[in-house]
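Engineer: Give the three-dimensional model of this entry:
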Amino acid sequence: MIDARMKPELHLTARSAWLDPAAARPAGPGRNFWAALVAAVIVASLALALSSGAARPHGFGPHRITVPLDFKPYDPTRWAVMNAGSYADALKIDPTLPDPGSIGYADAAAQPPVDPATLRDEAFVGPPAKSYAFKGLTALDRERAHYCLTAAVYYEAASESDDGMRGVAQVVLNRARHPSFPNTICGVVFQGSQRPGVCQFTFACDGAMARAPDKAIWLRASRIASAALGGSVYPGVGLATHYHTTAIWPRWGKSLVMTNIVGAHIFHRWRGRWGMPDAFRAPYLGHEPVPGPYLPVAGQLAALRGNGMAAGLPPIDGAIQPAPLPGGAAAPMPQAMAQTGTAAATPTPSAPPPAYTDPRLNQSGQIREEFRKSGEWIR
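Structural biologist: Here you go, the predicted model:
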């Protein structure tokens, strides 16, 4: 019999056949440790490659630039410059300081104080239109634009002050720059004048142009139209695209934003983005169409009487020669303006002048009866 106490190794050998042997402990780090170490090295390498731009030709990620600085935490010279009372005092300390005027700097204290009334008006009216010069492609285009704008200013605001005329001119120019209207001056002024009652400006389709213009007032309207076409802006109406007299209040008035009241007219602009400066970017092509009205004045009167077109008049797509000025002088519109591509828009010399049954249309410089109370307070 073998004594197990005397032979321990035999005893362990005998039990190894029935029991699982004990797990052998490795001498160094385990397998999981090495796998984690390899993964960490790979991740660090990728991060370094991406940050340095090696992964892509152009690289991405943060870039670091090292700039040497000579500014100490406490630099007596720099500290004195920053605490100088004026630029002149700072320049005495450091003559290398840049000139503030080179970047458009201006001393606010040197500017004149802002008038509170001006601030109030700007807040009420809104932003003004941007200056824009309407230059026609040819001399004919420039003459057409000048005549059409002068006609609008005269027939819409002949009894107004200069500011009242400027407001009308500014509305026409605002429309010409807005995508909702034609991008020509004559196109805006005589839009819809092919039919009576649907024109944008009343004078273009109600027979008002049969009235011979007053020479002095026409010249004043011409001067204002010339300045407006040259880039002059009247901020009193802002970006207004509509107006009406103070004697009426149309239904569309509630859908717009009122900008101002100038003389006998109330001006409005679009709501939202359509009434903001960015909307007024339509390019002016510089080619002006034939000035209107595109329905002759006699035809307008006949249509308003309910008798249709009068016989022997030009087609509705033509234009008429404006009424002569007092003293026999013609209104400033070149004869070439009345010509279309195929036929002349003016009546033939042998055609008799049209007769107007309404005597009010022959009263030069007078206000029509329905607008006689314009400018008075609405009761």
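Engineer: For Gly92, what is the enclosing helix or strand?
Structural biologist: Heads up, residue 92 is Lys, not Gly. Lys92 belongs to helix 87-93 when assigned by DSSP states H and E.
Engineer: Likewise for Gly167?
Structural biologist: Using DSSP H and E, Gly167 falls in helix 162-176.
Engineer: Show me what secondary structure element comes after that helix.
Structural biologist: Next along from helix 162-176, by DSSP H and E: helix 185-189.
Engineer: okay, that next one in CSV with CA atoms only?
Structural biologist: Provided in CSV are the C-alpha atoms of helix 185-189 (Å, rounded to 0.1, in the frame of the first residue of the first chain):
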residue,chain,number,x,y,z
ILE,A,185,-41.2,103.0,-68.4
CYS,A,186,-43.8,103.2,-71.2
GLY,A,187,-44.9,99.6,-70.5
VAL,A,188,-45.7,100.5,-66.9
VAL,A,189,-47.4,103.8,-67.7
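Engineer: Pro128 contacts Leu239, doesn't it?
Structural biologist: Yes: using C-beta atoms under 8 Å, Pro128 is in contact with Leu239, at 7.5 Å. (Each C-beta comes from the backbone N, C-alpha and C, glycine too.)
Engineer: Neighbour count for those two, which is higher?
Structural biologist: Leu239 (28 against 16; other C-beta atoms under 10 Å).
Engineer: residue contacts, that one?
Structural biologist: Gly126, Pro127, Pro128, Ala129, Asn174, Thr259, Arg269, Trp270, Gly275, Met276, Pro277, Phe280 (C-beta atoms under 8 Å, 6 or more residues apart in numbering).
Engineer: What of Val171?
Structural biologist: Taking C-beta under 8 Å, 6+ apart, one finds Val237, Ala240, Thr241, His242, Tyr243, Phe267 in contact with Val171.
Engineer: pLDDT score assigned to it?
Structural biologist: In this model, Val171 is scored at 97, pLDDT.
Engineer: Buried ones in the helix or strand that Arg223 is a member of, by neighbour count?
Structural biologist: If you go by DSSP H and E, Arg223 is part of helix 215-229. Within helix 215-229, the residues that qualify as buried by neighbour count (16 or more other C-beta atoms under 10 Å) are Ile217, Trp218, Arg220, Ala221, Ser222, Ile224, Ala225, Ala228, Leu229.
Engineer: any idea how far the fifth one lies from Ala210?
Structural biologist: As defined by C-beta to C-beta, to the nearest Å, Ser222 lies at a distance of 20 Å from Ala210.
Engineer: Repeat that for the first one.
Structural biologist: Between Ile217 and Ala210 the distance, using C-beta to C-beta, works out to 16 Å.
Engineer: what does the last one give?
Structural biologist: Counting by C-beta to C-beta, the separation of Leu229 from Ala210 is 26 Å.
Engineer: Gly286 now?
Structural biologist: Gly286 is 31 Å from Ala210, by C-beta to C-beta.
Engineer: out of the two, which sits in the more crowded spot?
Structural biologist: Comparing Gly286 with Ala210 by other C-beta under 10 Å, the one with more neighbours is Ala210, at 20 against 15.
Engineer: Check Ser193 and give its pLDDT.
Structural biologist: Among the per-residue scores, Ser193 shows a pLDDT of 90.
Engineer: How is it assigned, secondary-structure-wise?
Structural biologist: coil (DSSP: H, G, I helix; E, B strand; the rest coil).
Engineer: so it touches Cys199, yeah?
Structural biologist: Yes: at 4.4 Å, Ser193 counts as touching Cys199 under the criterion of C-beta under 8 Å.
Engineer: what is in contact with these two at once?
Structural biologist: Cys205, Pro293.
Engineer: returning to what we had before: next secondary structure after the helix holding Arg223?
Structural biologist: That would be, after helix 215-229 and using DSSP H and E, strand 242-245.
Engineer: Give the partner strands of that following strand in its sheet and their orientations.
Structural biologist: The pairing partners recorded for strand 242-245 under DSSP bridges are strand 265-269 (antiparallel).
Engineer: Tell me which helix or strand comes right after the helix holding Lys92.
Structural biologist: helix 116-125.
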